[in-house]
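J.: based on what follows, work out the 3D shape:
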Amino acid sequence: MSLWIDTHCHLDAAEFDVDRDAMRQRARGQGVGLCVIPAVHVHASHVAQVQQLAHQWGDAYALGIHPMCALTAGERELQQLAEQLDAARDDPHLVAVGEIGLDFFVPELCTPQMRAHQDWLLREQLRLARQHQLPVLLHVRRSVDAVLKALRQLPPASGIAHAFVGSRQQADAFLGLSCKLGFGGAMTFDRATRLRALAAELPDDAIVLETDAPDIAPSWLYATAAERAAGQQQGRNAPEEIPRIAQVLADLRGQPLAQLQQQVLANTLQVLPRLQALLPQGQP
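T.: Purely as a prediction, here's the structure:
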């Protein structure tokens, strides 16, 4: 069976409490052999759960402070992250620093003071990533150019622009900084014409796949506002959706699915090289 890797999924989320192990087994049955679980803050219980899930399932994890946690993150939290990265230095399941970045969508994060604070927090975490020679998983919501500015000044070993929806020029800028672009459920909507056109034209070595589960549901799980008002529940995204998302991407690019699978696997291992040691037995 083909090997798929979900490069960004929050499998510690409360939405999975009811069936977490069964959910991961379903994904494995669909060929999703590896998942990358990013932390979002440094609380000991959260970090412990992310690490425990990765170890339990043979998956990978990242450690970092999400920009949406910036309101309560300062020097003390950065020191905690530094200590956590030091403690996990020899853990093969640690593959990146993340989820880190900038969020200029949430109103309380968009004041001049909070924009500056987020930028400081991102740069300090980029320094930690450089110190540990680890890739970065980047949150770039309405903040692509500002994240790129920080990367140019503190370039990481490699990275993924998670949930990328920017322009071709911005895409090329990330690629020029040894980053890949994370594509997932947003690409599956017919109305996402610009994103779908970008997915179709990017170089073969540009894209990795992700779900951001349980969020960013693909079109077949999405319920409109009217449908939700009528009682239909929003579908829960999960790593098992990766092969179907990949088929959408293959169709957009006019490629056989098997060819796309081999390319995105190579891309993923290039940008997150520590995943190589976690590949299921028998995989290249």
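J.: from now on I want contacts and neighbour counts done on CA atoms only, so please keep to that.
T.: Noted.
J.: who's in contact with residue 264?
T.: Residue 264 makes contacts with 205, 207-209, as judged by CA atoms under 8 Å, 6 or more residues apart in numbering.
J.: what number of residues lie near residue 89?
T.: Burial of residue 89 is recorded as 13 neighbouring residues (other CA atoms under 10 Å).
J.: helix or strand for it, which one?
T.: Using DSSP states H and E, residue 89 maps to neither a helix nor a strand.
J.: not counting sequence-adjacent ones, nearest residue to it?
T.: Excluding its sequence neighbours, the residue lying closest to residue 89 (CA to CA, 6 or more residues apart in numbering) is residue 132, at 7.8 Å.
J.: what sits against residue 43?
T.: So residue 43 contacts nothing (CA under 8 Å, 6+ apart).
J.: okay, it: pLDDT?
T.: At residue 43, the pLDDT value in this model is 98.
J.: do the same with the one 4 residues further on
T.: The per-residue pLDDT reported for residue 47 equals 98.
J.: against residue 90, how distant is the residue nearest to residue 89?
T.: For residue 132, the distance to residue 90 (CA to CA, to the nearest Å) stands at 11 Å.
J.: and residue 33, by the same measure?
T.: Distance check for residue 33 against residue 90: by CA to CA, it reads 22 Å.
J.: number of nearby residues for the residue nearest to residue 89?
T.: By other CA under 10 Å, 16 other residues sit near residue 132.
J.: secondary structure element for residue 149?
T.: Per DSSP H and E: helix 144-153 holds residue 149.
J.: so what touches the next helix or strand after that helix?
T.: Downstream of helix 144-153, the next assigned helix or strand under DSSP H and E is strand 159-162. Outside strand 159-162, the residues within contact range by CA under 8 Å, 6+ apart are 8, 135-140, 174, 178-183, 271-272.
J.: follow-up on the earlier one: any chance of the contacts of residue 264 in a markdown table, with pLDDT, secondary structure and neighbour count too?
T.: Shown next, in a markdown table, are the contacts of residue 264 (pLDDT from 0 to 100; DSSP: H, G, I helix; E, B strand; the rest coil; neighbours: other CA atoms under 10 Å):
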| residue | pLDDT | secondary structure | neighbour count |
| --- | --- | --- | --- |
| 205 | 98 | helix | 16 |
| 207 | 98 | strand | 25 |
| 208 | 99 | strand | 28 |
| 209 | 99 | strand | 28 |
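J.: pLDDT below threshold where in this structure?
T.: For the chain, the stretches with pLDDT under 70 are 1, 282, 284.
J.: which residues in it form strands?
T.: 4-6, 32-38, 60-63, 94-103, 136-141, 159-162, 179-183, 207-209 (DSSP state E).
J.: between these, which gets nearest to residue 69?
T.: Nearest of the strands of the chain to residue 69, taken as CA to CA: strand 94-103 at 9.8 Å.
J.: counting by contacts, list what the closest one packs against.
T.: Strand 94-103 makes packing contacts with strand 60-63, helix 112-132, strand 136-141, helix 144-153 when contacts are defined by 3 or more CA pairs under 8 Å, 6 or more residues apart in numbering; DSSP states H and E.
J.: distance to residue 226 added to the ones you listed, as CSV?
T.: Shown next, in CSV, are the helices and strands packed on strand 94-103 (distance: least, CA to CA, whole Å):
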stretch, distance to residue 226
strand 60-63, 37
helix 112-132, 35
strand 136-141, 26
helix 144-153, 32
